[in-house]
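Peer 1: Next input, structure requested:
(one chain, ligands or ions: 1)
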Amino acid sequence: MAEKPLSGKIALVTGASRGIGQAIALRLARDGARLAVHGSKGAEETARAVEKAGGKAVSLAGELSTLTGVDALAAAFKRQLGQRAPDFLVNNAGIQASPNDTLERLGEADFDRLIAINVKAPFFLVQRFLADFPQGGRVVNLSSQLSQIAFPEQIVYSATKAAINSLTKSLAKELGPRGITVNAVGPGIIETDMTRDRLLGTEQMRAFVAGNTALKRIGKPDDISDIVAFLLSDDARWVTGAYIPGGGGARL
Ligand SMILES: NC(=O)c1ccc[n+]([C@@H]2O[C@H](COP(=O)([O-])OP(=O)(O)OC[C@H]3O[C@@H](n4cnc5c(N)ncnc54)[C@H](OP(=O)(O)O)[C@@H]3O)[C@@H](O)[C@H]2O)c1
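Peer 2: This next block holds a predicted model:
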């Protein structure tokens, strides 16, 4: 039997308890990677689904709104996977603060939480694994198509994703000499808990969102996990510091 493309690799996917992160974990497991799947209280269901499909996964917990939680996740990873860094780190966990994320309504606590989970946690996770990242390691950060446009309706969420794009480029330059690539993927509207009720709650809203894409449909988590799998594959070895849009041609 042919060896799977990611055999022998270990991937840590944050926010893998559901949505896009869960799809990423299942896809990487299918490609042969061993998974560490994370959620604020663990990602047991995802780990079970990976194992049921014949893969290997451990579930790790960590509340990423605090540095203590980031450290707990990094420590749990090292404890359970042999005092090393992952070959692949997928910084996927993220939040929105809608409908309050506007210039007039956003309060300090929500502002700080958006920054902490969407920007600070990915930065410090990379830092915590820095010394141990192997040659040929890969980092993928989940950005958003909102990082590319003016969007006052989610003013700080968009800014956190623009910050992730900036971190992605700087990290690519910093880690490139070690053979490590760092890229960002920017989904358009994908049907998950983040969007289901708020943006896709009625047939009218669904038609509007689908109509805004060139491909005339709503995005699915697998549309994004396949892009991440490409970035982690050997075929993407010469791609780094890139922002890859995953919006089905939205807002062209
Ligand atoms: N869905 C979209 O349309 C869309 C579009 C553009 C970008 N994105 C980005 O894609 C990524 C995944 O989005 P999604 O739609 O899959 O989101 P989701 O369904 O809401 O899932 C969010 C994931 O992040 C984890 N998470 C949230 N807050 C956390 C915290 N404080 N500490 C630790 N983990 C936390 C959740 O864990 P728990 O289950 O433990 O809460 C969950 O696994 C995010 O970065 C998002 O910004 C999504």
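Peer 1: got the contact list for the spatially most central residue of the chain?
Peer 2: With distances taken as Cα atoms, centre = their mean, residue 92 lies nearest the centre of the chain, 1.9 Å away. The contact partners of residue 92, by Cβ atoms under 8 Å, 6 or more residues apart in numbering, come to 13-16, 20-21, 24, 142. Any C-beta I mention is one placed from the backbone N, CA and C, and that applies to glycine too.
Peer 1: which of the residues you listed has the most neighbours?
Peer 2: residue 13 (37 neighbours; other Cβ atoms under 10 Å).
Peer 1: In contact with the spatially closest residue to that one that is not a sequence neighbour, which residues?
Peer 2: Leaving aside its chain neighbours, residue 13 sits nearest to residue 90 (4.4 Å; criterion: Cβ to Cβ, 6 or more residues apart in numbering). By Cβ under 8 Å, 6+ apart, the residues touching residue 90 are 11-14, 21, 24, 28, 139-140, 142, 228.
Peer 1: Closest to residue 169 out of those residues?
Peer 2: Nearest to residue 169, judged by Cβ to Cβ, of these is residue 139 at 11.9 Å.
Peer 1: Let's verify that closest one: helix, strand, or coil?
Peer 2: Secondary structure, DSSP: H, G, I helix; E, B strand; the rest coil: residue 139 is strand.
Peer 1: Can you get me a residue count around residue 151?
Peer 2: The number of residues near residue 151, taken as other Cβ under 10 Å, comes to 16.
Peer 1: Spatially nearest residue to it (excluding sequence neighbours)?
Peer 2: Once flanking residues are discounted, residue 151 sits nearest to residue 158: 4.6 Å by Cβ to Cβ, 6+ apart.
Peer 1: how much space between the one you found and residue 55?
Peer 2: According to Cβ to Cβ, to the nearest Å, residue 158 stands 35 Å off from residue 55.
Peer 1: helix or strand right after the longest helix seen in the chain?
Peer 2: Scanning the chain for the longest helix, with DSSP state H as the assignment, gives helix 155-175. Heading C-terminal from helix 155-175, the first helix or strand you meet, by DSSP states H and E, is strand 181-187.
Peer 1: name the element the nearest residue to residue 8 once chain neighbours are set aside belongs to?
Peer 2: Once flanking residues are discounted, residue 8 sits nearest to residue 32: 7.6 Å by Cβ to Cβ, 6+ apart. For residue 32, there is no host helix or strand (DSSP H and E).
Peer 1: Phi first, then psi, for residue 32.
Peer 2: For residue 32, the backbone dihedrals (degrees, to the nearest 10) come out as phi 100, psi 0.
Peer 1: who's in contact with it?
Peer 2: Residue 32 makes contact with 3-9 under the criterion Cβ under 8 Å, 6+ apart.
Peer 1: Return only those of the contacts of residue 92 found close to the ligand.
Peer 2: By Cβ under 6 Å from any ligand atom, the members of the contacts of residue 92 lying near the ligand are 15-16, 20-21, 142.
Peer 1: just curious, which of those residues is nearest to residue 47?
Peer 2: Nearest to residue 47 among the ones next to the ligand among the contacts of residue 92: residue 16, at 8.6 Å, using Cβ to Cβ.
Peer 1: chain center to the helix or strand containing residue 224, what's the gap?
Peer 2: Using DSSP H and E, residue 224 sits within helix 221-232. Centroid displacement of helix 221-232 relative to its chain, using Cα atoms, centre = their mean, to the nearest Å, is 10 Å.
Peer 1: Show me what that helix packs onto, helices and strands only.
Peer 2: helix 19-30, strand 138-142, strand 181-187, strand 243-246 (3 or more Cβ pairs under 8 Å, 6 or more residues apart in numbering; DSSP states H and E).
Peer 1: Please render the ones you listed as CSV that adds distance to residue 103 and mean pLDDT to the earlier fields.
Peer 2: Formatted as CSV, those follow (distance: least, Cβ to Cβ, whole Å; pLDDT from 0 to 100):
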stretch, distance to residue 103, mean pLDDT
helix 19-30, 28, 98
strand 138-142, 25, 99
strand 181-187, 23, 98
strand 243-246, 25, 98
